[in-house]
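*Asks:* Generate coordinates for the sequence data below:
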Amino acid sequence: MKAIQLRAPGGLDRLELVDLPDPGTPGPGQIRVRIHASSLNYHDLGVATGHMPTADRRIPMADGAGVVEAVGAGVTDFEVGDHVISTFFTTWLNGDPVTSDFSTVSGDGVDGYAREWVVAKATTFTRSPKGWTHAEASTLTTAGLTVWRALVVNGGVKAGDTVLVQGTGGVSVFALQLAKALGAKVIATSSSDEKLERARLLGADHLINYRREPEWSKPVMEITGGRGVDHVIEVGGPGTLAQSIQATRVAGHIALVGVLTGTAGQVPTAGLTIRQQRLQGLIVGSRQHQKDLVRALDVLSIRPVIDKSFPLTELADAFRLQQAGGHFGKICLEY
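*Replies:* Numbers count the residues shown, from 1 in each chain. Below you'll find the model as predicted:
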């Protein structure tokens, strides 16, 4: 079995293609899955570069999509031939979050999906949306489910709401698509006019280039008639949070899903308090959240945007493209 392993202490030049033993047949409660695709996330990049240390010879990648080849005794959710996708937290099945670390996350605390086959508990997978490619489905484990939880589970987004998305990475682009599919208006920000035009073609109602408008909350307030947006998909963290607070309406919702500008910084708590806003930190979601997302996508006419796909053997090059930041939407592996 072909797989990629990360040698300690990490670094893209420490990703090694290896041959591993076949994982064998599934035991009770397990399924055997032929993995065909994965998608890159910034958490995966952090592990691969060594910024988020993991065990020596860890198999990276949290996202995995493929086909069930065998089922163990007692498995009722899946049959041979089902198309499936992995879950981010292997032990968070339902209810409130059960962990505050990544010890149960594939590709970090446990081995991930940069490999051809896996035998694992059936509860670490859900079905894929009907008719989706493996690459498309793989984008849901982390990015897609993050958006679903931010907008639907936590945000309760509804038709007529206004959503602001920051940038044009995988999370923000899917947030744009999902928000529009649910009847919301979308304001998209980016430093690239070319990417903003692509966002417009996906349905964005208003566009803001934050390099020309560093205080982008001002045009947001003009667009919304001084009210502010209902929801912000906050991927920047400390470097953008102050503008998000100023751009969000009284009693609005800010979903803090990323920290691309840094892991620590000042929070303008006075503004947050005066405007009585809800700042919600979140990391992906539960297995039940993912099942709900898949059920919704079976009826919504949206598909994730994939910028480029690489073979498994070129994982390091895929990460380099992610580091460069020139992509629009998701970067995937197909194998």
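*Asks:* Quick check: end-to-end length of stretch 49-69?
*Replies:* 33 Å (Cα to Cα, to the nearest Å).
*Asks:* Please point out which parts of it sit buried.
*Replies:* Buried residues in stretch 49-69, defined by neighbour count with 16 or more other Cβ atoms under 10 Å: 49, 54, 58-69. For every residue, glycine as well, the C-beta is placed using N, CA and C.
*Asks:* And for stretch 24-39?
*Replies:* Neighbour counts using 16+ other Cβ under 10 Å place 26, 30-33, 35-39 of stretch 24-39 among the buried residues.
*Asks:* same question, stretch 324-334
*Replies:* Residues of stretch 324-334 classed as buried by neighbour count (16+ other Cβ under 10 Å): 327-334.
*Asks:* Let's see which of the residues you listed end up in strands.
*Replies:* Among the buried residues of stretch 324-334, DSSP state E puts 330-334 in strands.
*Asks:* I'd like a version of these in a markdown table, one that adds pLDDT and distance to H231 as further columns.
*Replies:* Shown next, in a markdown table, are these (pLDDT from 0 to 100; distance: Cβ to Cβ, whole Å):
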| residue | pLDDT | distance to H231 |
| --- | --- | --- |
| K330 | 98 | 21 |
| I331 | 98 | 26 |
| C332 | 98 | 27 |
| L333 | 98 | 31 |
| E334 | 98 | 33 |
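*Asks:* How is the protein divided into domains?
*Replies:* Taking automatic domain parsing as the domain assignment, the ranges for the chain are 2-139+304-334, 144-281.
*Asks:* Pull the number of nearby residues for S128.
*Replies:* 23 (other Cβ atoms under 10 Å).
*Asks:* For the helix or strand containing P219, name the packing helices and strands.
*Replies:* When secondary structure is defined by DSSP states H and E, P219 falls within helix 217-223. Secondary-structure packing of helix 217-223 (3 or more Cβ pairs under 8 Å, 6 or more residues apart in numbering; DSSP states H and E): strand 206-209, helix 241-247.
*Asks:* residues in contact with the most centrally placed residue in the chain?
*Replies:* Nearest to the geometric centre of the chain sits A143, at 1.3 Å (Cα atoms, centre = their mean). Taking Cβ atoms under 8 Å, 6 or more residues apart in numbering as the criterion, A143 is in contact with 39, 41, 170-171, 174, 304, 330.
*Asks:* Could I get the average pLDDT for stretch 168-182?
*Replies:* Mean pLDDT, stretch 168-182: 97.
*Asks:* Kindly report the same for stretch 210-220.
*Replies:* Stretch 210-220 comes out at a mean pLDDT of 97.
*Asks:* just stretch 110-129 next, same as before
*Replies:* Taken as a whole, stretch 110-129 has a mean pLDDT of 98.
*Asks:* which residues are in contact with the helix or strand bottoming out on mean pLDDT in the chain?
*Replies:* Ranking every helix and strand in the chain by mean pLDDT, DSSP states H and E puts helix 269-274 at the bottom, with a mean of 93. Residues outside helix 269-274 that contact it (Cβ under 8 Å, 6+ apart): 242, 245-246, 279.
*Asks:* most neighbours, which of the residues you listed?
*Replies:* I245 (25 neighbours).
*Asks:* now it, nearest residue through space, not along the chain?
*Replies:* Nearest non-adjacent residue to I245, counting by Cβ to Cβ, 6 or more residues apart in numbering: G271, 4.7 Å away.
*Asks:* Roughly how far does the one you found sit from D161?
*Replies:* For G271, the distance to D161 equals 21 Å [Cβ to Cβ, to the nearest Å].
*Asks:* Who has more neighbours out of the two?
*Replies:* More crowded of G271 and D161, by other Cβ under 10 Å: D161, with 21 against 14.
*Asks:* Report the buried residues of stretch 2-16.
*Replies:* Neighbour counts using 16+ other Cβ under 10 Å place 3-6, 10, 12, 14-15 of stretch 2-16 among the buried residues.
*Asks:* who's in contact with that stretch?
*Replies:* 17-20, 47-51, 53-61, 114-116, 312-313, 315-316, 319-320, 335.
*Asks:* Tell me which of these fall in helices.
*Replies:* Secondary structure defined by DSSP state H assigns 47-48, 315-316, 319-320 of the contacts of stretch 2-16 to helices.
*Asks:* Redo the residues you listed as JSON lines? Include pLDDT, neighbour count and distance to K308.
*Replies:* JSON lines is the format used below for the ones in helices among the contacts of stretch 2-16 (pLDDT from 0 to 100; neighbours: other Cβ atoms under 10 Å; distance: Cβ to Cβ, whole Å):
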{"residue": "V47", "pLDDT": "98", "neighbour count": "25", "distance to K308": "21"}
{"residue": "A48", "pLDDT": "98", "neighbour count": "29", "distance to K308": "17"}
{"residue": "L315", "pLDDT": "98", "neighbour count": "24", "distance to K308": "13"}
{"residue": "A316", "pLDDT": "98", "neighbour count": "17", "distance to K308": "14"}
{"residue": "F319", "pLDDT": "98", "neighbour count": "20", "distance to K308": "12"}
{"residue": "R320", "pLDDT": "98", "neighbour count": "12", "distance to K308": "12"}
